[in-house]
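> what follows is a protein structure lacking sequence information:
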């Protein structure tokens, strides 16, 4: 079954469509976070094992099958850090709004002559 | 390049990208048939080597600690960028902007204490049960944000002075880096585990993982507090001062 | 693959489309909150409680606060409030 991988690719492409066709810089940053969540789904789908449990060995003995912990480690740090990156993009949008009173990417491109 | 031309080019290239993505993703093994050795090895040895029960937590702070160092520097740089963009020169008059509803103030201020203790708990037990420095740091920053929502902006501003919060964030990131060097000095590899491992399943376990855990929690909480403070200033200050 | 995973994957895919198609940032941030909760369910079903906890705290504390404050400044338009 390839449904998780297909959903990960779908999330990436849908987010990319949102970024390309956006008329609002804030809408663009949220679509960027949708693209990032596609990569999270892909990472977790790669690490999954059938009939396995979470890699927390409290109450179960060590030999019990568990899913991959490395992809979870990469994903959880990335989720928290991506908030600050989205905040940086929003700060750019606010700065642009302060200068030229618009946050439409098409209109901003026209200002630069 | 006008909009419809851009969307047309996007449609063609996205179709090609989608085809390539689907072609490559069907080459992966079936979902659920995980057979690579790295995960199995870590699950088998991590509990015995470090006496911690949360293998993901000990992977973040010990086995893959170098990736976490990189993520902390991304956090640090992004917060510097936000401060540079939104910081104003001087703030002479701090507006009050208080919550007016009494029920909101009472319940909100009760919630601040509860959320703060919850955040400390999530950080402290990060290598025993799910949790850790990253999640608990966000919850602690949420407790600070609740002070603004339940009391007033002036209270939040006095609770999180710029110098203290920025020093805390720098301390968190710097402590992580320096603990790596201590590992280098004692054990011969950067970010190697260097204290004695304790008893499985208790808080006294994992070697240097608790120290890195708390350093990360301080860094993340302070970074998000700076972020919230800058964005709240954008909202609270009147337009005349904002567009200086 | 258990049916719960299939259902949550389909819901996540639909919610992502909804997030992108809402053009107004204020409505989109609300739909984004719902999308975050669906992702939490998906991560739990994939046996990843740490990742689910991370997405939960981020999607309920950090994202709404930052987005709402930025949107309010951008919407705060003429007549000027002084």
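Thanks, I have it. Computed from a predicted model, the values in this text were never measured in an experiment. Residues are numbered from 1 along each chain as shown, chains lettered A, B, ... in the order given.
> who's in contact with the residue nearest the centre of chain A?
The residue lying closest to the centre of chain A (Cα atoms, centre = their mean) is residue A:36, at 1.8 Å. The contact partners of residue A:36, taken as Cβ atoms under 8 Å, 6 or more residues apart in numbering or on different chains, are A:15, A:78, A:82. From N, CA and C alone the C-beta is placed, and that goes for glycine too.
> which helix or which strand is home to the residue lying closest to the last one once chain neighbours are set aside?
In space, not counting the residues next to it along the chain, residue A:82 is nearest to residue A:36; the distance is 5.3 Å by Cβ to Cβ, 6 or more residues apart in numbering or on different chains. The secondary structure element spanning residue A:36 is helix A:25-46 (assigned by DSSP states H and E).
> quick check: the residue nearest to residue A:82 vs chain B, distance?
To chain B, residue A:36 is 13 Å away according to Cβ to the nearest Cβ, to the nearest Å.
> what pLDDT is listed against that residue?
Residue A:36 carries a pLDDT value of 95.
> enumerate the residues of chain B near chain C.
B:31-32, B:54, B:56-57, B:122, B:130-132, B:134-135, B:138-139, B:141-142, B:145, B:224, B:227-228, B:231-232, B:234-235, B:238-240, B:242 (Cβ under 8 Å from any Cβ of the partner chain).
> intersect the residues you listed with the contacts of chain A.
When contact is defined as Cβ under 8 Å from any Cβ, these meet chain A at B:31-32, B:54, B:56, B:130, B:132, B:134-135, B:138, B:224, B:227, B:231, B:234, B:242.
> among those residues, which two are most distant?
Across those, no pair lies farther apart than B:32 and B:242, at 52.8 Å, counting by Cβ to Cβ.
> for chain C, what spans make up the helices?
Remark: helices assigned in chain C by DSSP state H are C:3-21, C:25-45, C:49-57, C:63-75.
> by contact count, what packs against the second one?
Read it as helix C:25-45. If you count contacts as 3 or more Cβ pairs under 8 Å, 6 or more residues apart in numbering or on different chains; DSSP states H and E, helix C:25-45 packs onto helix A:25-46, helix C:3-21, helix C:49-57, helix C:63-75.
> looking at the ones you listed, which has the lowest confidence?
Among the helices and strands packed on helix C:25-45, helix C:63-75 scores lowest, with a mean of 90.
> check which residues of it are buried.
C:63, C:65, C:66, C:67, C:68, C:69, C:70, C:71, C:73, C:74 (16 or more other Cβ atoms under 10 Å in any protein chain shown).
> of those, which ones also sit close to chain B?
Checking the buried residues of helix C:63-75 against chain B by Cβ under 8 Å from any Cβ, the ones in range are C:65, C:66, C:69, C:70, C:73.
> columns distance to chain A on top of these, output as JSON lines?
Listed next are those as JSON lines, based on distance: Cβ to the nearest Cβ, whole Å:
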{"residue": "C:65", "distance to chain A": "10"}
{"residue": "C:66", "distance to chain A": "5"}
{"residue": "C:69", "distance to chain A": "9"}
{"residue": "C:70", "distance to chain A": "4"}
{"residue": "C:73", "distance to chain A": "6"}
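> of those, closest to residue B:64?
residue C:66 (27.8 Å).
> just checking, the closest one touches residue A:89?
No - in this structure residue C:66 lies outside contact range of residue A:89 using Cβ atoms under 8 Å: 10.3 Å.
> residue B:205 touches residue B:197, doesn't it?
Yes - contact status for residue B:205 versus residue B:197: in contact at 6.3 Å, counting by Cβ under 8 Å.
> intersection of neighbour lists for the two?
With Cβ under 8 Å, 6+ apart, residue B:205 and residue B:197 have common neighbours B:50, B:51.
> these two: which is more packed in?
A side-by-side neighbour count of residue B:205 and residue B:197, using other Cβ atoms under 10 Å in any protein chain shown, places residue B:205 first with 22 against 17.
> quick check: buried residues in the helix or strand in which residue B:178 is found?
For residue B:178, the host element (DSSP H and E) is helix B:162-187. Within helix B:162-187, the residues scored as buried using 16+ other Cβ under 10 Å are B:165, B:166, B:168, B:169, B:172, B:173, B:175, B:176, B:179, B:180, B:182, B:183.
> over to stretch B:57-70?
Applying 16+ other Cβ under 10 Å to stretch B:57-70 flags B:57, B:58, B:59, B:60, B:61, B:62, B:63, B:64, B:65, B:67, B:68, B:69 as buried.
> now stretch B:37-52
Buried residues in stretch B:37-52, counted by 16+ other Cβ under 10 Å: B:39, B:42, B:43, B:46, B:47, B:49, B:50, B:51, B:52.
> can that stretch be said to contact chain A?
Yes - Stretch B:37-52 lies within reach of chain A by Cβ under 8 Å from any Cβ, at B:38, B:39, B:42, B:43, B:44, B:46, B:47, B:48.
> so for the last one, what's the pLDDT?
In the predicted model, residue B:48 carries a pLDDT score of 85.
> give me the nearest residue to it, chain neighbours excluded.
In space, residue B:48 is closest to residue A:62, 7.2 Å off (Cβ to Cβ, 6+ apart).
> the one you found belongs to a helix?
No - assigned with DSSP: H, G, I helix; E, B strand; the rest coil, residue A:62 falls outside any helix and is coil.
> would you check how far apart it and residue B:36 are?
According to Cβ to Cβ, to the nearest Å, residue A:62 and residue B:36 sit 19 Å apart.
> who's more crowded, the two?
residue A:62 (15 against 12).
> enumerate every residue touching the more buried one.
B:43, B:44, B:47, B:48.
> and if you look at residue C:4?
Contacts of residue C:4 (Cβ under 8 Å, 6+ apart): residue C:45.
> strands of chain A, start to end?
Using DSSP state E, chain A contains no strands.
> in a helix, residue B:127, correct?
No - going by three-state DSSP, the assignment for residue B:127 is coil, not a helix.
> pLDDT value on the closest residue in space to residue A:42 that isn't next to it in sequence, please?
Once flanking residues are discounted, residue A:42 sits nearest to residue A:8: 3.8 Å by Cβ to Cβ, 6+ apart. Note for residue A:8: predicted pLDDT of 94.
> residue nearest the centroid of chain C?
residue C:32 (2.4 Å).
> doesn't residue C:66 make contact with that one?
No - counting by Cβ under 8 Å, residue C:32 stays clear of residue C:66, with 11.4 Å between them.
> count the residues that sit near residue B:32.
Using other Cβ under 10 Å, residue B:32 has 17 neighbouring residues.
> give me phi/psi at it?
phi 100, psi -20 (degrees, to the nearest 10).
> excluding chain neighbours, what is closest to it?
residue A:50 is the one closest to residue B:32 (Cβ to Cβ, 6+ apart), at 3.8 Å.
> ok, now which ones touch the one you found?
So residue A:50 contacts B:32, B:33, C:1 (Cβ under 8 Å, 6+ apart).
> appreciated, that's everything.
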